[in-house]
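Enquirer: Quick one, fold the following:
(one chain, ligands or ions: 2)
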Amino acid sequence: MGHGELRGVVALDGPSGTGKSSAARRLASALGARYLDTGAMYRAVTLAVLRSGADLDDADRVAAVARDAGLAQGTDPADSTTTLRGEDVGVEIRGPEVTRAVSPVSANPAVRELLVAEQRRIVAHALSAVGGIVVEGRDIGTVVVPDAGLKVFLTADARARAHRRARQDGLESTVDAVLADVERRDAYDSSRAVSPLRPAPDAVELDTTDLDLAGVLAALLDLAAGRGLVAGPVRG
Ligand SMILES: Nc1ncnc2c1ncn2[C@@H]1O[C@H](COP(=O)(O)OP(=O)(O)OP(=O)(O)O)[C@@H](O)[C@H]1O
Ligand SMILES: Nc1ccn([C@@H]2O[C@H](COP(=O)(O)O)[C@@H](O)[C@H]2O)c(=O)n1
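Expert: Ligands and ions are numbered 1, 2, ... in the order given. Sure, this is the predicted structure:
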């Protein structure tokens, strides 16, 4: 039986590796909605900055590279593309160099202003085109879409997140290194001056430590239906 169709915006925020992308993609697919991975946008701008050779501490130069990057983020949950001037960078933005540099680039206020405006444009377009979108990141419920119909803040024990990420990368032996990276990125993202990672006051917190992805999806479907955001058939 179908799950119905999403009407409105679901905002999914949380620290690294809590399952935001996996859950958001599945939720959007189940509800015939669009899907926006805002982390991919910050990663793509970071790749452009690294390629340009700009000093990460040179805020004006970093912002200029971001403005000139030619970033386009797709919203198909089955194939969400990230391109820079038409070049597909979806694989490269997941590499260790980008992961190391993305938090400082994301803390640049001009970069955030640019990407938040683009994210709001994409959300508005999706709402008029299909009626619903699931947006995931760090500041969706607090800044990008503060009036989202449902805001969920995903959490999970840091070691569980490191295990998930290490398994994804085929690096079971380096869980400790992944854990250090996850904790470093969370600390940076939570302490920056502009739009720090934190739950919106009206967000529902969902701890995924002991849930598999099917369990997370079921919880999100229940929450969305409970908010009256799902039109048509409900889960049977
Ligand atoms: N509930 C879960 N149970 C088991 N594995 C999970 C769960 N959620 C996510 N994963 C796995 O953990 C890894 C990280 O998930 P995902 O990329 O969705 O997290 P994220 O919050 O978007 O991370 P980031 O913010 O770093 O991009 C993936 O390999 C995913 O398959
Ligand atoms: N709304 C967002 C989304 C992401 N970031 C920054 O990008 C980094 C990468 O995000 P992933 O979800 O792809 O891991 C993240 O560590 C943040 O620095 C952000 O600032 N705001």
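Enquirer: and the helix or strand of the chain with the lowest mean pLDDT with ligand 2, contact?
Expert: For the chain, counting by mean pLDDT, DSSP states H and E, helix 158-169 ranks last in confidence among helices and strands (a mean of 83). No - judged by CB under 6 Å from any ligand atom, helix 158-169 and ligand 2 are separated, with a smallest distance of 9.6 Å. C-beta coordinates here come from the backbone N, C-alpha and C atoms, glycine included.
Enquirer: Got the phi and psi for A23?
Expert: Note on A23: its backbone torsions stand at phi -70, psi -40 [degrees, to the nearest 10].
Enquirer: just to revisit the earlier point, can you name the element that comes right after the least confident helix or strand of the chain?
Expert: Past helix 158-169, further along toward the C-terminus, the next helix or strand under DSSP states H and E is helix 175-191.
Enquirer: which helices and strands does that following helix pack with?
Expert: Applying 3 or more CB pairs under 8 Å, 6 or more residues apart in numbering; DSSP states H and E, one finds that helix 175-191 contacts helix 96-106, helix 158-169.
Enquirer: circling back to that earlier point, and the least confident helix or strand of the chain, what other elements does it pack with?
Expert: Looks like helix 158-169 contacts helix 175-191 (3+ CB pairs under 8 Å, 6+ apart).
Enquirer: Contacts (any at all) between ligand 1 and the following helix or strand past the helix it packs on?
Expert: Using DSSP H and E, the next helix or strand after helix 175-191 towards the C-terminus is strand 204-207. No - judged by CB under 6 Å from any ligand atom, strand 204-207 stays clear of ligand 1, getting no closer than 10.0 Å.
Enquirer: same thing with stretch 162-169?
Expert: Yes - applying CB under 6 Å from any ligand atom, one finds stretch 162-169 touching ligand 1 at 164-165, 168.
Enquirer: Would you reformat those residues as a markdown table and include neighbour count and distance to A59?
Expert: Formatted as a markdown table, these follow (neighbours: other CB atoms under 10 Å; distance: CB to CB, whole Å):
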| residue | neighbour count | distance to A59 |
| --- | --- | --- |
| R164 | 19 | 33 |
| R165 | 19 | 29 |
| Q168 | 12 | 32 |
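Enquirer: Quickly name whichever of the residues you listed is closest to V45.
Expert: Closest to V45 out of the residues of stretch 162-169 next to ligand 1 is R165 (21.7 Å), distances taken as CB to CB.
Enquirer: Tell me who's in contact with F153.
Expert: 13-14, 141, 199-200, 203-206 (CB atoms under 8 Å, 6 or more residues apart in numbering).
Enquirer: Perfect, I'm done here.
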